[in-house]
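Undergrad: here you go, sequence then predicted model.
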Protein chains: 2
Amino acid sequence: METKTQIQEAIKVQGGVVRKLKSEKASKEQIDEEVAKLLELKAQLGGDDGKNQFVLKTPKGTRDYNPKQMAIREKVFNTIIGCFKRHGAETIDTPVFELKETLTGKYGEDSKLIYDLKDQGGELLSLRYDLTVPFARYLAMNKITNIKRYHIAKVYRRDNPAMTRGRYREFYQCDFDIAGQYDAMIPDAECLKIVHEILSALELGDFRIKVNDRRILDGMFAVCGVPDDKFRTICSTVDKLDKMSWEDVKKEMVVEKGLSEEAADQIGQYVSMQGGMDLAERLLQDPKMSQSKQACAGLSDIKLLFSYLQLFQVTDKVVFDLSLARGLDYYTGVIYEAVLTQAGVAPVANDTQNGAEENVSVGSVAGGGRYDGLVGMFDPKGRKVPCVGVSIGIERIFSIMEQKAEALAEKVRTTEVQVMVASAQKNLLEERLRLVTELWNAGVKAEVMYKKNPKLLSQLQHCEEAGIPLVAILGEQELKDGVVKLRVVATREEVDVSRADVISEIKRRTSEA
Amino acid sequence: METKTQIQEAIKVQGGVVRKLKSEKASKEQIDEEVAKLLELKAQLGGDDGKNQFVLKTPKGTRDYNPKQMAIREKVFNTIIGCFKRHGAETIDTPVFELKETLTGKYGEDSKLIYDLKDQGGELLSLRYDLTVPFARYLAMNKITNIKRYHIAKVYRRDNPAMTRGRYREFYQCDFDIAGQYDAMIPDAECLKIVHEILSALELGDFRIKVNDRRILDGMFAVCGVPDDKFRTICSTVDKLDKMSWEDVKKEMVVEKGLSEEAADQIGQYVSMQGGMDLAERLLQDPKMSQSKQACAGLSDIKLLFSYLQLFQVTDKVVFDLSLARGLDYYTGVIYEAVLTQAGVAPVANDTQNGAEENVSVGSVAGGGRYDGLVGMFDPKGRKVPCVGVSIGIERIFSIMEQKAEALAEKVRTTEVQVMVASAQKNLLEERLRLVTELWNAGVKAEVMYKKNPKLLSQLQHCEEAGIPLVAILGEQELKDGVVKLRVVATREEVDVSRADVISEIKRRTSEA
């Protein structure tokens, strides 16, 4: 234990560090980091000084959701879950932590970002890093070979998040996956249909869904003369084409990764190609590409995929794009990614690190693909369960919706109260409680103020602020006349309704809305 | 690093330990613990031996929710959230972990059950232990003095859970709280109204809501001659009256806690009392009880509470019970607890440990009270925000609902699919995809099998199993005739509908349901 004096000394020093950084206009992250250290020191002192020395903050990279954010979040969830249910999906849930070994060896370099729990005796645990590995563990553990499920839950990455850009250490993932041995491209096409439906329903502006196939990429690398052991690393360089120029990508391939300039140029020709089913057909005839069996299998499947997408009426937004690579290693077939194309709609700049489902590209709002090998990694006998799925970039969608609400100065209601039971004079609490009880019992969303004698004005003001559309006003005169005054907040219209009919009249009005 | 041989030796020894425990019929927990160690050792070996040596399990004390459990969970959530919204509540969310110091000093002895995260540099973090402390932290941090909010989320306790009895290390809490300076007992009464509404709507069988007041307990202890410094410990002994006889409780007071026999006997007289508003009135006249100012304040408030409960039409289930004490230290006024009274409905035996919101009593399914001091513990200036709230014992409710579904052999649907688009012959995939697209676009929940040529029988069987009520059958004859055959799965009734009208006919039928 350090002495109090030592800690006070350390606080002085740390305070100086913070002041220096601020004067040097250091990055916000850097300053935050040092401020956190300062607060920690102060908290250590707190134990001696008094009980109210808490550091009032959420952990770094996390946030609370306030009621307004929750209202937006609920709206987005309802739209997305509605779509998943329309397509017959079930849902599952898994624990927030897994055995550490369950996550080991699944995320390559990013494993360093996994949160471990302290060893307090018993099993070694880690917070889940995504929902896909727990899903694969669930399938293997329960020997499930067929399921169409969605899972919306928070995942954890010990990243250095740029929170201003909507990235956090605790964030939601929203996954839809179809597991099972089926005929080619039918479930894959449904995943794209779902992305199309969700992005259309959320009204985020125009979008494109790029598709490609890992087998086409691998075949392309082979026929362009990329050595086998360089496929993955060249693939991750190609993945940067959405945020780097071809020149820079080529440079990385040749200078950093030691690819021949000739091979890079050949790749360059292919990855500039975009189109639809016609492009797949043309490439099937391409003298070089057609030499790769893998590429041909991928291209035939892209053709089949487009034929189903036509039936699903979504080809207007889908483009076959040979530059699409995606970061994750586990994809084995079709891959796809949806991007918003409307300028001005919250283009979120990308960080350098790859592999994360939710930060694949500028404006990327959904991504996924086929991963036929992952479940087999968990099965003791290596039995495979083919899977295809999509992850909706829900955190980015939240920020876009929040920005939109902000920009339009939209009033976001945080409750659904339909009617406020108010009183015009004093001593009417009992009457108010009686009426609100009848409303609750009739299923009407209703409220009273928790005061014996609230002012009418403050009750009406509360309605304005909270967006409550209707007020039922009780007053001495109304009680004598056996009526309740109904007031429409928006128009200030008022009408007397007999006390006996008031519940049914309110039900009528509120069910119309 | 241990060598492979060392690990293999350790596995042999550990295997012997497990066999010995099993032969001795040791407790399940004890065996599980040793098996976990064995599996961990085997996993260590796995790294050398092959990649499929994972231990396929969820961490101790946690579970996955399968689609059927999720369907039940969703139904329960909808009922409860519907009630919270009817009462005008907002909702918030907080991170799954908090700064360790935020939780420090809030849970007394139970602090040892808090999950800490590993120190990987940066802040020291702990998983949340309940939702109340994060709520108080949220209010103080955002200087919120008025809010009516609910929060449903998972919390974490490093407990030795009896999972067979529905207790886990990861479990849901479901809290509703009203914060703000209001007139006495109005929000408190609404909390009880909410418990009444929720338990009625969930149809869990008959129930009672016991109410008491911490001030009445303290006043009672004072007038019975309990020394001030023994209030809390005697209070937690009284709390055991729902699972121990009075004789045993008295013994604990006198023998273990050193209370005089006379004082214990006086307490014994009071804690056997149950009633309604009349009992509160009688105790206000009680020569001894009326000497305590505190007790009188509590009794007057109980009277006021009952008058509001009458207006809320819930007095049929509420009983003023002087033996109700509740474990948590932070209550300052009214306390309450709802118990199921119907025999046979999943009475869940109680563990010895106290303080946990969700295991307060045999059959307890909700509990709460007033805690006016907690938020002030977080405010730098100690500013208080009075709060009253209730926690719905949602995990227990889940298990009861699951048991009920099991017992009634109820078919729990895990999807909401309304219609299956099927084919009677081969080569009709395109027609099926076209029709299901129209249905999806019209907002109908619909499905096709992901096979080019599924057998009609297997499509119909899937409908039976999944509870899909309607099948739209496409066949060669139907295509020629320009119709679709609609089949009601339950009755096997079939009718031909013209292809042009089939969407509206299906919409008509499915919106009726």
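TA: Cool, the structure landed.
Undergrad: list the contacts for A:E430?
TA: Taking Cβ atoms under 8 Å, 6 or more residues apart in numbering or on different chains, we find A:E430 in contact with B:L311. In short, each C-beta sits where N, CA and C put it, glycine included.
Undergrad: in terms of helices and strands, where is it?
TA: Element membership of A:E430 [criterion: DSSP states H and E] is helix A:429-441.
Undergrad: who touches whatever helix or strand comes next after that helix?
TA: Sequence-wise, the next helix or strand downstream of helix A:429-441 (DSSP H and E) is strand A:446-447. Defining contact as Cβ under 8 Å, 6+ apart, one finds that strand A:446-447 is touched by A:415, A:417-421, A:436, A:439-440, A:468, B:86-88.
Undergrad: which residues of the stretch 101-250 of chain A fall in strands?
TA: Secondary structure of the stretch 101-250 of chain A (DSSP state E, counting those that start in this stretch): strands at A:125-127, A:147-156, A:170-179, A:207-213.
Undergrad: mind listing what's buried in the third one?
TA: Buried residues in strand A:170-179, defined by neighbour count with 16 or more other Cβ atoms under 10 Å in any protein chain shown: A:E170, A:F171, A:Y172, A:Q173, A:C174, A:D175, A:F176, A:D177, A:I178, A:A179.
Undergrad: surely A:G368 and A:V390 touch.
TA: Yes. Using Cβ atoms under 8 Å, A:G368 is in contact with A:V390, at 3.5 Å.
Undergrad: more neighbours, those two?
TA: The residue with more neighbours, out of A:G368 and A:V390, is A:G368; 29 against 26, by other Cβ atoms under 10 Å in any protein chain shown.
Undergrad: how near is that one to chain B?
TA: Here A:G368 is placed at a distance of 16 Å from chain B (Cβ to the nearest Cβ, to the nearest Å).
Undergrad: for that residue, grab phi and psi.
TA: When read as degrees, to the nearest 10, the backbone of A:G368 gives phi 170, psi -160.
Undergrad: what do you get for A:L460?
TA: A:L460 has phi and psi values of phi -70, psi -40 when expressed as degrees, to the nearest 10.
Undergrad: neighbours of it, just the number please.
TA: The number of residues packed near A:L460 is 18, by other Cβ under 10 Å.
Undergrad: skipping its backbone neighbours, what lies nearest it in space?
TA: Residue nearest to A:L460 in three dimensions, not counting chain neighbours: A:V471, with 6.6 Å by Cβ to Cβ, 6 or more residues apart in numbering or on different chains.
Undergrad: and for A:L279?
TA: A:F320 (5.3 Å).
Undergrad: can you check A:G475 too?
TA: Leaving aside its sequence neighbours, A:G475 sits nearest to A:A424 (Cβ to Cβ, 6+ apart; 3.4 Å).
Undergrad: which positions within stretch A:262-270 qualify as buried?
TA: Buried residues in stretch A:262-270, counted by 16+ other Cβ under 10 Å: A:A263, A:A264, A:Q266, A:I267, A:G268, A:Y270.
Undergrad: export those to JSON lines and append columns for pLDDT and secondary structure.
TA: Output for the buried residues of stretch A:262-270, formatted as JSON lines (pLDDT from 0 to 100; DSSP: H, G, I helix; E, B strand; the rest coil):
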{"residue": "A:A263", "pLDDT": "95", "secondary structure": "helix"}
{"residue": "A:A264", "pLDDT": "96", "secondary structure": "helix"}
{"residue": "A:Q266", "pLDDT": "96", "secondary structure": "helix"}
{"residue": "A:I267", "pLDDT": "96", "secondary structure": "helix"}
{"residue": "A:G268", "pLDDT": "95", "secondary structure": "helix"}
{"residue": "A:Y270", "pLDDT": "96", "secondary structure": "helix"}
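Undergrad: ok, which of the residues you listed also contact chain B?
TA: Filtering those for proximity to chain B (criterion: Cβ under 8 Å from any Cβ of the partner chain) leaves nothing.
Undergrad: can you list the residues of the stretch 151-300 of chain A near chain B?
TA: Residues of the stretch 151-300 of chain A lying near chain B (Cβ under 8 Å from any Cβ): A:154, A:156, A:158, A:170, A:178, A:180, A:182-183, A:186-187, A:190, A:193, A:197.
Undergrad: which one of these is nearest to A:L99?
TA: A:Y156 (15.2 Å; Cβ to Cβ).
Undergrad: which residues does the closest one contact?
TA: Counting by Cβ under 8 Å, 6+ apart, the residues that A:Y156 touches are A:V96, A:I114, A:Y115, A:L127, A:R128, A:Y129, A:R169, A:E170, B:V96.
Undergrad: list the contacts of the fourth one.
TA: Translated: A:L127. Per Cβ under 8 Å, 6+ apart, neighbours of A:L127: A:V96, A:F97, A:I114, A:Y115, A:D116, A:L117, A:V155, A:Y156, B:V96, B:L117.
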